[in-house]
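Novice: From the sequence below, what's the structure:
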Amino acid sequence: EVDTPPTIAVGDVPWGLGRWLPEAEVLRVTPAAADVPGLLAKAADRSLVVVVKDAHRHPDSRALVSALVTGRPDATVVEMGLPVWRPDAAAYLATYGAARANAQAAAELLTGRAPVRT
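Specialist: Here you go, the predicted structure:
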């Protein structure tokens, strides 16, 4: 998950897919401090899902997502905000929001099963 600064309208609210994918290793990274080779190495033998929110508003987020997708063309990118910008990823999923229902729907599509209920 690519960390995104809070907006003035909404503030700092929880978002992401980690809650709905309990078996996954979820890392929240800040674009400026992200170690792209290290992240790619960590995901070398498994699926890579890059989760971002409103990437069109953050050039550093777009750069990080692009670098990860360049290193892993088979990566899936999940945009949990507005899908204004789209990277050249093997798979792209836009949720049109970061609310609970959006995250559950994305997790269900990614795993092919009903999401975890909490």
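Novice: Identify each buried residue in stretch 31-40, please.
Specialist: Residues of stretch 31-40 classed as buried: 31, 34, 39-40 (neighbour count, 16 or more other C-beta atoms under 10 Å). Every C-beta, even on glycine, is put in place using the N, C-alpha and C of the backbone.
Novice: Any chance you could list what contacts stretch 80-97?
Specialist: Counting by C-beta atoms under 8 Å, 6 or more residues apart in numbering, stretch 80-97 makes contact with 4, 15-16, 50-57, 62, 65-66, 69, 73-79, 98, 102-103, 105-106, 109-110, all of which sit outside it.
Novice: Tell me where the model's unsure across this protein.
Specialist: In the predicted model of the chain, residues 7-11, 13, 114-118 satisfy pLDDT under 70.
Novice: where along it do the helices fall?
Specialist: Ranges of helices in the chain, per DSSP state H, are 36-42, 59-71, 100-111.
Novice: Just send those helices back as JSON lines, with distance to Leu93 too.
Specialist: Listed next are the helices of the chain as JSON lines, based on distance: least, C-beta to C-beta, whole Å:
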{"stretch": "helix 36-42", "distance to Leu93": "19"}
{"stretch": "helix 59-71", "distance to Leu93": "13"}
{"stretch": "helix 100-111", "distance to Leu93": "6"}
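Novice: Please enumerate the strands of the chain.
Specialist: Ranges of strands in the chain, per DSSP state E, are 49-52, 76-79, 91-94.
Novice: Only C-alpha atoms, please: export the last one in PDB.
Specialist: In PDB, the C-alpha atoms belonging to strand 91-94 read as follows (Å, rounded to 0.1, in the frame of the first residue of the first chain):
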ATOM      1  CA  ALA A  91      -4.100  -5.900 -14.200                       C
ATOM      2  CA  TYR A  92      -5.800  -2.700 -12.900                       C
ATOM      3  CA  LEU A  93      -8.700  -2.400 -10.600                       C
ATOM      4  CA  ALA A  94     -10.400   0.900  -9.700                       C
END
